[in-house]
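Peer 1: Show me the folded form of this:
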Amino acid sequence: MVTRIRSAAPAVGPTTPASVQPSLTGFRPAAGARPCTLVVCRGCCCGDPNKNPGADHEGQLARLRAAAAESGGTLAVRTSDCLGPCERANVIVVQPSAEARRTGARAAWVGWALDGDATEDVLAWAAAGGPGIAPVPATVELSLFPAPAEGGETRERAKAKSKGRGARRRR
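Peer 2: Numbers count the residues shown, from 1 in each chain. Okay, here's the model as predicted:
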């Protein structure tokens, strides 16, 4: 069960986008609008039991997916190949809903999400509306880091590039 942070949700008023309606599970985006989305890295390091053997990687992903299924459309979860900041595994990117993005909200990058408490804290924030709608819980704020520069290299891209360079040098 996701802990709801009722005090963190702002009151509906003149500054609240008209398409954002309060619900029992947090804020419900208008029909067809993109909800708050959790992008879970499952590339070369995140989700790798060899890198973080004490973490329940499969359990974490199952918990996130179950919360999305129970959310009634207020939360979505998807996985991604390597997002790049491998030294901060496990990485979860909390993308704002379409309504929050229109008000200027941007994705929040959360690192070191390795245990059940970290997973539940991220879920509680997302259920309350996520970036641009609900304040970042202090426990999540400690794990936030700046998004890698656009076009930044993941380890996989860097390896592919270096293989290409090596092939050119041998000619």
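Peer 1: Only C-alpha atoms from now on, for both contacts and neighbour counts.
Peer 2: Will do.
Peer 1: In three-state terms, how would residue 101 be classified?
Peer 2: Following DSSP: H, G, I helix; E, B strand; the rest coil, residue 101 is assigned to helix.
Peer 1: got it, and residue 64?
Peer 2: Going by three-state DSSP: residue 64 is helix.
Peer 1: For it, give me its contacts.
Peer 2: In this structure, residue 64 makes contact with 77, 119, 123, judged by Cα atoms under 8 Å, 6 or more residues apart in numbering.
Peer 1: what do you get for residue 51?
Peer 2: So residue 51 contacts residue 45 (Cα under 8 Å, 6+ apart).
Peer 1: Quick check: the gap between it and residue 63.
Peer 2: Distance from residue 51 to residue 63, counting by Cα to Cα, to the nearest Å: 21 Å.
Peer 1: Strands of this structure, residue ranges please.
Peer 2: If DSSP state E is used as the criterion, the strands of the chain fall at 21-23, 26-28, 36-41, 75-80, 92-95, 108-110, 144-145.
Peer 1: Dump those to a markdown table, plus distance to residue 47.
Peer 2: A markdown table is the format used below for these (distance: least, Cα to Cα, whole Å):
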| stretch | distance to residue 47 |
| --- | --- |
| strand 21-23 | 32 |
| strand 26-28 | 28 |
| strand 36-41 | 7 |
| strand 75-80 | 11 |
| strand 92-95 | 11 |
| strand 108-110 | 14 |
| strand 144-145 | 18 |
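Peer 1: Can you flag the weakest of those strands by average pLDDT?
Peer 2: For the strands of the chain, mean pLDDT drops lowest on strand 21-23, to a mean of 36.
Peer 1: Next, work out how far apart residue 77 and residue 112 are.
Peer 2: In terms of Cα to Cα, residue 77 sits 18 Å off from residue 112.
Peer 1: what about residue 130, how many residues close to it?
Peer 2: A total of 31 residues lie near residue 130 under the criterion other Cα atoms under 10 Å.
Peer 1: before we move on, what about residue 87?
Peer 2: 12.
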